[in-house]
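[1] here is a sequence with its predicted model. Questions after.
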Amino acid sequence: MPKRDLISIEDLSRADVELLLDTAESFLPVLERDIKKVPTLRGRTIINLFWEASTRTSSSFDLAAKRLSADTLALKASGSAVEKGETLKDTAITLSAYSPDIIVMRHPSAGACQTLSANTEASVINAGDGKHQHPTQCLLDLFSMRQNLGRDLDGLKVFIIGDILHSRVARSDIMGFQMLGMEVTLVAPPTLMPRGIEEMGVKVEYDLANLKDADVIYLLRIQKERIKAGAAYLPSLREYSQLWGISQARLGPKQRVMHPGPINRGVEIASDIADDDENLIAHQVFSGLAVRMAILYRTIVGYSDGAASGEVL
Amino acid sequence: MERTWCKPLPAAELLIKGGRVVDPESGVDAVQDVLVKKGKIVEVGKDLKAGKNTRVVDAAGMLVLPGFVDLHAHFRTPGREDEEDLATASAAAAAGGYVAAFGMANTEPVMDNASLLKGMARQAEADALIPVGFFAAVTKGLEGQELTEMGELGAAGAVAFSDDGMPLPTAAITRRALQYVKVSKRFIAVHAQDASLFKGGQMHEGPASARLGLTGIPDLCESLDVSRTLDIAAYEDAELHVCHVSTEKSLEAIARAKEAGVRVTVEATPHHLTLTDECVASLDPNLKMNPPLRAESDRKALVEALRSGLVDCVATDHAPHASEEKDVPYEEAPFGCIGLETAFSVLHKELVESRDLDLGTLVTRMSAAPARIAGLDAPAIAAGVTADLCVVDPAAVWTVSPETLQSRSWNSPWLGQELTGKVRLTVATGRVAWDDLA
Amino acid sequence: MPEPRPASETVILTAEQMSRTITRIAHEILEKNPGSEKLAVVGIHTRGAFLGARIHKLLCEVGGRDYAAGNLDISFYRDDVAARGAVGVIPSTPQPVVKDTDLPFTIDGARVVLVDDVLYTGRTIRAAIDALFDYGRPATVQLAVLVDRGHRELPIRPDYVGKNLPTASRERISVRVDECDGVDEVVLVRSKEA
């Protein structure tokens, strides 16, 4: 069986996605008991390679691997050979000497996962590459939706609001949400909307006039860099907040808010929403662990979902 | 006056039998024999007989074409001999059916003074398998500030002037260059690009870049600078050559300028004529080039312009990069791909066999047209001229790989792929420069 | 008309025999655990869970108590993950769908009766015991199986056996339960290729 990478949501079929979500669900009881660990991946080696700062993604992958009893090795760019000019290819060759089963990587450049995969026998899981893809975030978003909004997400209307141009989360989410039958509308300042994105089958809007149509409102973080001189994407965070920020006043009673984090209170999200238990933001973080356990598990044992056959043991 | 140099090889004694000779210059498209003596074509006709010391080449089923001329290559010498040198570049060109090729000035050091040009000419006489020539820089150090000594450089044999790789930064320096180049009786070749719109760009801006999350390079980035430069050339009545045109918008501007009598010539690359931005989805660094692969509508417009002659010639923009530079994530890779050895195969398969272009037109755009722009005699297959020709097996299938390429680098968009059509023999300036018949 | 039974299948237990066997096992469990309030029946997915539920129902009826019950999925405890789907290794069987483990009672101090359909190598039971211990520390663990076909690879012995049936390794025991197979029966299947 050839190794299985997860670089883009496009690497998964709808059946694969549903199997991953079902698998994640079956890990939930494990996470609720006293011994929150199963021996499934005992003796397996999982390397976490984070070339960009990350708290929630790297920690949830690390914990997910530990919950599955795999041996983990975490590497960060700072203080490593990368600072001495080692190329990604050479890092891949070096790490391959440890025969890892999976390498989870976050990298600032699109295409890094392909470079890594070409130089290692390990399966590569993309934990975010440049502005390209963040498939595991998309899967945990889907999991949170399914747990909170019902298993059938078909026909659900999702508004993704914010810096679409620079967002790998948006790109993975558009593909994943559509795969499960949701309708996606993008809302962004015109400067932060990628030209041609409508060809992905999304609606493109520049203001919140139709926000009432949304079942789920998915907010993206606005980086302060976007207002720097020379960038000129936005005049000020204040104006962003006025025109595109979401507060309780703009929200209908049944609309649920999601955010990949970390949130910028007072910019894309008002504190009254951030502190409201009705939003799914905390659940998204919770989902990260079970979903990443499912991804690691399926990457090793395969995505086949044949009938149970206990007798082979 | 010399514009190209190569090392002395023994003059060819050949009888090329039974190939389909296609030479629009001589108006020939027929199965003919070609007899070459002492490096000159002495007879083209039926049932020619070989002399005692003449090698007979069985060209049945093959094409016998005037040799190609590449107006746009990067020899990487001096400075990056690890990527290419005159020996490997000329070998790659010969293997692609080329009988002359010109290197751009963005070497290290920059080709911006006559002594370097003369030195490179001596180097070519030692190393080059086919005649090679050189562009000189428009501005010293390609810095876009001070003009080079175009008079002296022209006299030393620079084919023309270009800061290729670096766009001319202001209208003012473009204007000065177009004014002053007249002292050399040469032209300016521009890499048209608006630097502010290019900033951070990774690929063509459109649905594919939106989907991939790569910073887009809008077609405007090229066409704005093409339009501006054409206006200046018109104003100064100067000769201009537009390098590697890639967008429909640029072609529209060029069509208007040509209509108005502006003295402009245009080249397009094999990759822009055959590939599109959708290919970039693989994030293969060998598909990262500047200008970027454009939309299918741009590609179609380019093919039509090549057919009509709005685009005068094919040029490869052969840009070797060391494997360690390209074996990195797409976003970190430098721009550029090699192209000398794949140009004819790719264009013949994708454009001629698909009937978008007839073979004669392709031959003209790869041979006579670029030769004339460079100030060379157009290669022809006719009695009395020096043999500048190639023999192509249009059905041969080969795989692009480091082993099959003559270039020292292998950053080809077609790396690992099978191509149809292979150059079997190249005779450049009367000498056998490539022989793959054995 | 029902399809004729393939020649490769021999019925070992009919529905009626199966029902009697399960009833006998339930009585044996009560005899061996007299008066225990801590008795808990845990079925192993998939068919063990259905058999476990039936045994549990009988225990409650006969014992007149509301005993604890649950079921266990051992997918995450299998010892053959390396051999299935591992890089370069062709999986011998499809990966089972992971089912929920549901143990709605305190494992600590419980007298757990594991229920499975067929006892073969013992590896499933090893995995089930491991899984169980990750939920708590039972007082005792006993094992009830409908069929013991031999070929043990681990030192595991059932406490309650429906039927002992020595088999050849190329033969297969198929336990079918009404809840998921639409019929109650146990059949011996001879493999064609072996």
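    Now that the structure is in, tell me what you want to look at. Note that the structure is predicted; figures quoted are calculated from it, not measured.

[2] correct me, but A:Tyr233 touches A:Ala188?
    No: judged on Cβ atoms under 8 Å, A:Tyr233 makes no contact with A:Ala188 at a distance of 9.9 Å. Where you see a C-beta, it was placed from the backbone N, CA and C, and this is true even at glycine.

[3] list, one by one, the residues from chain B near chain A.
    B:202, B:205-216, B:218, B:282-285, B:324, B:327-333 (Cβ under 8 Å from any Cβ of the partner chain).

[4] could you rerun that using 6 Å?
    Counting by Cβ under 6 Å from any Cβ of the partner chain, chain B comes close to chain A at B:205-207, B:210, B:213-214, B:283, B:327, B:329-332.

[5] check which helices and strands the top helix by length along chain B is in contact with.
    As assigned by DSSP state H, the longest helix anywhere in chain B is helix B:219-236. Counting contacts by 3 or more Cβ pairs under 6 Å, 6 or more residues apart in numbering or on different chains; DSSP states H and E, helix B:219-236 is packed against helix B:171-180, helix B:248-259.

[6] what's the mean pLDDT across it?
    Across helix B:219-236, pLDDT averages out at 97.

[7] with secondary structure, neighbour count and pLDDT added, can I get the residues of chain B next to chain A in JSON lines?
    JSON lines is the format used below for the residues of chain B next to chain A (DSSP: H, G, I helix; E, B strand; the rest coil; neighbours: other Cβ atoms under 10 Å in any protein chain shown; pLDDT from 0 to 100):
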{"residue": "B:Glu205", "secondary structure": "coil", "neighbour count": "25", "pLDDT": "98"}
{"residue": "B:Gly206", "secondary structure": "coil", "neighbour count": "25", "pLDDT": "98"}
{"residue": "B:Pro207", "secondary structure": "helix", "neighbour count": "18", "pLDDT": "98"}
{"residue": "B:Ala210", "secondary structure": "helix", "neighbour count": "23", "pLDDT": "98"}
{"residue": "B:Gly213", "secondary structure": "coil", "neighbour count": "24", "pLDDT": "97"}
{"residue": "B:Leu214", "secondary structure": "coil", "neighbour count": "29", "pLDDT": "97"}
{"residue": "B:Leu283", "secondary structure": "coil", "neighbour count": "27", "pLDDT": "97"}
{"residue": "B:Asp327", "secondary structure": "coil", "neighbour count": "19", "pLDDT": "94"}
{"residue": "B:Pro329", "secondary structure": "coil", "neighbour count": "25", "pLDDT": "96"}
{"residue": "B:Tyr330", "secondary structure": "helix", "neighbour count": "27", "pLDDT": "97"}
{"residue": "B:Glu331", "secondary structure": "helix", "neighbour count": "24", "pLDDT": "96"}
{"residue": "B:Glu332", "secondary structure": "helix", "neighbour count": "20", "pLDDT": "96"}
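
[8] which pair of those residues spans the longest distance?
    Pairwise distances across the residues of chain B next to chain A (Cβ to Cβ) peak at 28.2 Å, for the pair B:Pro207 and B:Asp327.

[9] not counting residues beside it along the chain, what's closest to the closest residue to chain A within the stretch 1-150 of chain B?
    Nearest residue of the stretch 1-150 of chain B to chain A, counting by Cβ to the nearest Cβ: B:Asp82, 15.8 Å away. Among residues not flanking B:Asp82 along the chain, B:Ala322 sits closest, at 5.7 Å (Cβ to Cβ, 6 or more residues apart in numbering or on different chains).

[10] list the contacts of the residue nearest the centre of chain C.
    Nearest to the mean C-alpha position of chain C, counting by Cα atoms, centre = their mean, stands C:Asp116 at 0.6 Å. Counting by Cβ atoms under 6 Å, 6 or more residues apart in numbering or on different chains, C:Asp116 makes contact with C:44, C:48, C:145.

[11] which of those residues lies closest to A:Leu68?
    Taking Cβ to Cβ as the measure, C:Ile44 is the one of the contacts of C:Asp116 closest to A:Leu68, at 20.7 Å.

[12] backbone dihedrals for the closest one, both of them.
    Main-chain dihedrals, C:Ile44, degrees, to the nearest 10: phi -100, psi 130.

[13] that one: how many residues sit nearby?
    As a burial measure, C:Ile44 scores 25 neighbours (other Cβ atoms under 10 Å in any protein chain shown).

[14] try C:Glu3
    C:Glu3 has 5 neighbours, counted by other Cβ under 10 Å.

[15] got it, and A:Lys84?
    Quick note: A:Lys84 (other Cβ under 10 Å) scores 7 neighbours.

[16] A:Ile7 and B:Ala281, how far apart?
    12 Å (Cβ to Cβ, to the nearest Å).

[17] the two: which has the busier surroundings?
    A:Ile7 (21 against 14).

[18] so who does that one touch?
    Contacts of A:Ile7 by Cβ under 6 Å, 6+ apart are A:113, A:126.

[19] mind running it again at 8 Å?
    Neighbour list for A:Ile7: A:113-114, A:117, A:124, A:126, A:129, A:133, A:135 [criterion: Cβ atoms under 8 Å, 6 or more residues apart in numbering or on different chains].

[20] same deal with B:Leu86?
    B:75, B:77, B:120, B:123-124, B:127-128, B:132.

[21] again with B:Pro10
    B:Pro10 touches B:Arg431, counting by Cβ under 8 Å, 6+ apart.

[22] for chain A, which spans come out with low pLDDT?
    Applying pLDDT under 70 to chain A flags residues A:1, A:78-83, A:305-313.

[23] and the residue nearest to B:Ala260 when sequence neighbours are not counted, how many residues sit next to it?
    Leaving aside its sequence neighbours, B:Ala260 sits nearest to B:Ala234 (Cβ to Cβ, 6+ apart; 6.6 Å). Close neighbours of B:Ala234, defined as other Cβ under 10 Å, add up to 18.

[24] I am finished for the moment; much appreciated.
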